[in-house]
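1. based on what follows, work out the 3D shape:
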Amino acid sequence: MIRIFLIRHGQSLYQSLKIVSGMNEYGLSGLGKVQSKNIGRKLSSIRFDYVYSSDFKRCIESYQIIENELKHKPSHVIYTPILRERDPGNDLLKSYAEVYPLQSQTMIDRENNAETSEEIQIRAQGFFNQLITQQLYQQSFQNLPLDSLNKMIMSSQVAEPHYSHHIMRSYIHQAQQFSSSQKSSSSTNILAISHAGFITEAIQFLYKHQNIKNTDGLQPAIYARNGALFLLEIEVQNLDDWKCNIYLRNYSKSIDAPFESII
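-> Alright, predicted model coming up:
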């Protein structure tokens, strides 16, 4: 099983000023630092095998603060563009008041040079596929390092998901040829730090993957507040056969408190 602790970064300075930000930013606000410290304390007892973070400053700073609270320091920390926030296009550095009233209306993202929901979900799919591939690879090649595979997948062009998918399938095919009988029952703990837009679309992708719908036929809208924590438990058979249980955690509780299922 893969257990992904998916977190939204702490409040950024631009966010406190209600300005749409991208790569040009100043990191966390004072509140954002406190939020990151709090979530680090809640996660302090967990031993993470890998950490993946957006390469934006607000996520990097959030993880650095979280890491200071962890009893077991992860040895694999990867900053990757695949976990970035939605590209706001022409809305970059505009005020919330200017941008969000417009977005309440029907708007075509392409006309604003912004990243679409579909494009973000392709990124999310690539991220989950990479983690699933890594798990399957580890099951068959338990004594071989994963760094080369990990770097290859995460550095591949996000705009070429089919190419990345081909690479992953190639590795899995080699692994299954080597040993189809070896299995691992242990769980892999992943810490992932991203943004509200990415988290929303990642969960939308997971709902679509499993055809989970509400009674009204609509997929639930998820908004991750700063410091929000989602637990994703992925059970893997192969690259095409996996399922994910999604839990939303009230981060004001202790880590031993049960997670509240949102599906």
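2. can we go C-alpha only for contacts and neighbour counts from here?
-> Fine.
3. what's the neighbour count on the closest residue to Lys71 other than its chain neighbours?
-> Excluding the flanking residues, the one nearest Lys71 by C-alpha to C-alpha, 6 or more residues apart in numbering is Ser44, at 5.6 Å. Neighbour count of Ser44, defined by other C-alpha atoms under 10 Å: 19.
4. residues contacting Ser44?
-> Glu69, Leu70, Lys71, His72 (C-alpha atoms under 8 Å, 6 or more residues apart in numbering).
5. ok but the last one is inside a helix, no?
-> No - the assignment for His72 (DSSP: H, G, I helix; E, B strand; the rest coil) gives coil, which keeps it out of a helix.
6. roughly how far does the nearest residue to it once chain neighbours are set aside sit from Glu61?
-> Leaving aside its sequence neighbours, His72 sits nearest to Arg47 (C-alpha to C-alpha, 6+ apart; 5.6 Å). In this view, Arg47 and Glu61 are 20 Å apart by C-alpha to C-alpha, to the nearest Å.
7. can you map out the helices along the stretch 101-250 of the chain?
-> 117-140, 147-155, 161-178, 196-210 (DSSP state H, counting those that start in this stretch).
8. beta-bridge partners for Leu191, please?
-> Note on Leu191: beta-bridge partners Phe5, Val51, judged by DSSP bridges.
9. thinking again about what came up before, least confident of the helices of the stretch 101-250 of the chain, on average?
-> Mean pLDDT values for the helices of the stretch 101-250 of the chain show the minimum at helix 161-178, a mean of 52.
10. quick one, what contacts Glu25?
-> By C-alpha under 8 Å, 6+ apart, the contact set of Glu25 is Leu13, Tyr14, Lys57, Arg58.
11. did I read that right, it in a strand?
-> No - counting by three-state DSSP, Glu25 falls outside a strand, being coil.
12. and the pLDDT for it?
-> 78.
13. that one and Ile7, how far apart?
-> Applying C-alpha to C-alpha to Glu25 and Ile7 gives a distance of 19 Å.
14. with Gly40 instead?
-> For Gly40, the distance to Ile7 - C-alpha to C-alpha - is 11 Å.
15. between these two, which one's more packed in?
-> The neighbour comparison of Gly40 against Ile7 (other C-alpha under 10 Å) goes to Ile7, with 27 against 23.
16. surely the more buried one meets Leu232?
-> No - applying C-alpha atoms under 8 Å, one finds Ile7 not in contact with Leu232, separated by 10.9 Å.
17. re earlier: neighbour-wise, which one of the contacts of Ser44 leads?
-> Glu69 (20 neighbours).
18. how much space between it and Asn38?
-> 9 Å.
19. count of residues packed around Leu191?
-> 22.
20. next one: the one 5 residues further on
-> As a burial measure, Ala196 scores 20 neighbours (other C-alpha under 10 Å).
21. one more: Lys208?
-> 12.
22. go on, Gly32?
-> Gly32: 23 neighbours (other C-alpha under 10 Å).
23. element containing it?
-> helix 30-42 (DSSP states H and E).
24. hmm, Gly27 is touching Arg58, no?
-> Yes - using C-alpha under 8 Å, Gly27 is in contact with Arg58, at 4.4 Å.
25. out of those two, which sits in the more crowded spot?
-> A count of neighbours by other C-alpha under 10 Å puts Arg58 above the other of Gly27 and Arg58, at 28 against 22.
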